[in-house]
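Novice: Sharing a sequence plus its predicted fold:
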Amino acid sequence: MSDADALLQEISAYLKPQDVERVRHALEFSDIAHRGQLRLSGAPYISHPIAVARILTPLHLDAQTISAALLHDVVEDTDVTGEIIARKFGKSVADLVNGLSKLDRFKFETTEDAQAENFRKMLLAMARDVRVILIKLADRLHNMRTLDAMTRDKIERIARETMEIYAPIANRLGLSAIHQELEDLSFKHLHPNRYAVLSKALQVARGNRREMVGKILTALRQRLTRNHIPAQVSGREKHLFGIYRKMQTKSLAFSQVLDIYGFRVLVDDVPACYHALGVLHALYKPIPGKFKDYIAIPKANGYQSLHTTLFGPLGTPIEVQIRTHEMHEIAEAGVASHWMYKSARNTPINNLHQKTHQWLQSLLESLSESGNSVEFLEHLKVDLFPDEVYVFTPKGRILALPRGATVVDFAYSVHTDIGDRCVASKVNFELAPLRTELRNGDRVEIITAPHAKPNPAWLNYAVTSKARSHIRHFLKTVNFQESAAMGERLLNQALASLNVKPREIDMAAWKRLLKTTGAKSREEILADIGLGRRLNVVIARQLIPASEAMDQLPTGGVITILGTEGMAVQFAKCCRPIPGDAIVGVIKSGQGLVVHTHDCPTLRKSRGGADKWLDVAWDKNISRLFEVGVRVVVANQRGVLAKVASVIAEAESNIENVNFTSEGDYTALSFTLQVSNRKHLAEVMRRLRKLPEIIQIARVKNAVA
Ligand code: MN
């Protein structure tokens, strides 16, 4: 039977006839596309995609995944385009193929240990769909099996990348068979001599012990049967690299690694696991300290089993794993067992997922969700690491930053000096503004200038605490003058409300004030006012003789807001005031003047301490843009997000941020937009209302700060 026939036979065992037909078409298409191409080994190229697909069939993957596996090199290596794949085999298959080509762009070249974990996470985050990773692992496994045809340089690079990146990913996904084979093959190519010696020693040892293994197997089976525990017992060889690792980490000679054989007992349910354990501990004495209960406490990848090591006949340690059939399938197929169990109801798998690591759990959830409302959700990512984004420095180092991080955050995470002096950047070799939000896999280059300084506006889009605290610190020290100027305006306003003109305050009054406050200079007090550390009204009263200030309440004297005051004036995140709104200023210690809308619900709640409030108004000459929250409810239709976004762009507004929550046929989009004033916002909303998909639209004034 040919490999192609074997593949079709394997999928016929679990796929519907029409799905088998689809895979057959993909197979024929790939065969024709690759015709005439040979692998380095001299084999016809099609042998590779077929082998990759066959690595995936024991995991019972769906027709789309198997088709994509067959087509995975077609776009890269032939003149077939992604569009043709999409037209012939559907968008999902094309997306999977496309996702694979994207991963191929990244090669792991650094020797830094710490970078490997970031690289693994970046690959997973880039993949967006775990099926892409599964195909990638199968692709890598077959390439590893056929690595001999490559040059020594390439063999070493690929083997090292497999050992450090792909084998751990397979392990994390719970794909134990693929994980072990990847490790053994990498080991073989990285250390050919050690591999040869060890595999020979292993062969000899197995020959010597075969008889004893048979005896132990029989003993285990008989004892379980006598205790009425239906069980499947098997002896298994430990994988070579696993033995090598044990020798390394525990500094043992090969002769000391005695438990090269493991035994596995599969039973029907969880109580039977513990029952069997008790029975076997009565048969052979357990070695103290070796028992592990991964049923009660599963491993991070969801693995469940009981492990124990027993003193066998002649004192040989034997390792025994006891688990249910269900747990066994999950251990073998890992994350792919999701597909195996998809159709079967009432399986304990749901229960299992609850116990597994958060990471795997969210991954499985996103998979099961992708079944419904696919059309709308296809614009969104299946995020494997929703909180992080992985980007490259020009030297190829990978940095992990929080999701939403911008170029400024990147600059500060490289070095404080780079952050303080950055003026522009190149993202993927193209000039990009500092506010650009970073995406997985971006290559970021920072352009600095020797005398550049941090800008207060950066605080609007820097999200990492490192960047924010550096910017703040810088602004506090360097922008002393700015704060002092703002403080003077605030003080003059307070004086005006007491009917005192600033020039009526003489040097003596200031000297008195410096003495009582302990401040060093007039500027320091003014800067303190500007930064909200001191209240203008209090200082004003201290500056004028007591008799004149007596019983005077602040009245009138409005302070105008330009929006360019820097640190001294901030706009409240809860209501996001924009020019045209009626506004109120609140002095907050350490933060300066915070501007809220007059009707802000958050502000109303915190009312009290009336002397901290200030009358403020918008200046007539405002030229900057302001952020505003807008909530839009749309009917889930193909491309609706793109439509909304383009209307916003046409109205000359920018989207700062957007969040989604989907419910049934509707999705609520929470935008943060940039507008110049109320009129501009009204125009944006007027244009959006014209879209038929829009159900509801409203400005948000009570965002949780
Ligand atoms: Mn390939």
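Specialist: Yep, it's here.

Novice: how many other residues sit next to the nearest residue to Ala219 once chain neighbours are set aside?
Specialist: In this structure, Ala219 finds its nearest non-sequential neighbour in Leu283, 6.5 Å apart by C-beta to C-beta, 6 or more residues apart in numbering. All C-beta spots, glycine's among them, are computed from the backbone N, C-alpha and C. Per other C-beta atoms under 10 Å, the neighbour tally for Leu283 reads 15.

Novice: Then the one 5 residues further on?
Specialist: In terms of burial, Pro288 registers 7 neighbours under the definition other C-beta under 10 Å.

Novice: do Glu161 as well
Specialist: Per other C-beta under 10 Å, the neighbour tally for Glu161 reads 19.

Novice: cool, Asp153 as well?
Specialist: Asp153 has 8 neighbours, counted by other C-beta under 10 Å.

Novice: From Met144, how far off is it?
Specialist: For Asp153, the distance to Met144 equals 16 Å [C-beta to C-beta, to the nearest Å].

Novice: of all the residues in the chain, which ones are close to the ion?
Specialist: Proximity of the chain to the ion, by C-beta under 5 Å from the ion, involves residues Asp73, Asp139.

Novice: Output the lowest mean pLDDT helix or strand found in the chain.
Specialist: Sorting the helices and strands of the chain by mean pLDDT, DSSP states H and E puts helix 374-377 at the bottom, at a mean of 25.

Novice: Name the SS class of the closest residue to Ser413 other than its chain neighbours, please.
Specialist: With sequence-adjacent residues excluded and distances taken as C-beta to C-beta, 6+ apart, Ser413 is closest to Leu399, at 5.7 Å. Per DSSP: H, G, I helix; E, B strand; the rest coil, the local secondary structure of Leu399 is strand.

Novice: Check the spacing between the residue nearest to Ala219 and Phe263 real quick.
Specialist: Relative to Phe263, and taking C-beta to C-beta, Leu283 is found at 11 Å.

Novice: With Arg194 instead?
Specialist: To Phe263, Arg194 is 27 Å away according to C-beta to C-beta.

Novice: top helix in the protein by residue count?
Specialist: For the chain, the helix with the greatest residue count under DSSP state H is helix 192-226.

Novice: now the helices for the stretch 301-450 of the chain?
Specialist: Counting by DSSP state H, counting those that start in this stretch, the stretch 301-450 of the chain has helices at residues 325-333, 337-341, 349-355, 358-369, 374-377, 407-414, 416-420.

Novice: about what we covered before: the more surrounded of Arg194 and Phe263?
Specialist: Shown here are Arg194 and Phe263; by other C-beta under 10 Å, Phe263 has more neighbours (21 against 14).

Novice: How about residues contacting the helix or strand harbouring the more buried one?
Specialist: Using DSSP states H and E, Phe263 sits within strand 261-267. Strand 261-267 has contacts (C-beta atoms under 8 Å, 6 or more residues apart in numbering) with 206, 209, 213, 216-217, 220, 224, 229-238, 273, 275-276, 280, 318-325, 328.

Novice: tally of neighbours for Ala196?
Specialist: A count of nearby residues for Ala196, using other C-beta under 10 Å, gives 11.

Novice: Check it and give its pLDDT.
Specialist: Note for Ala196: predicted pLDDT of 92.
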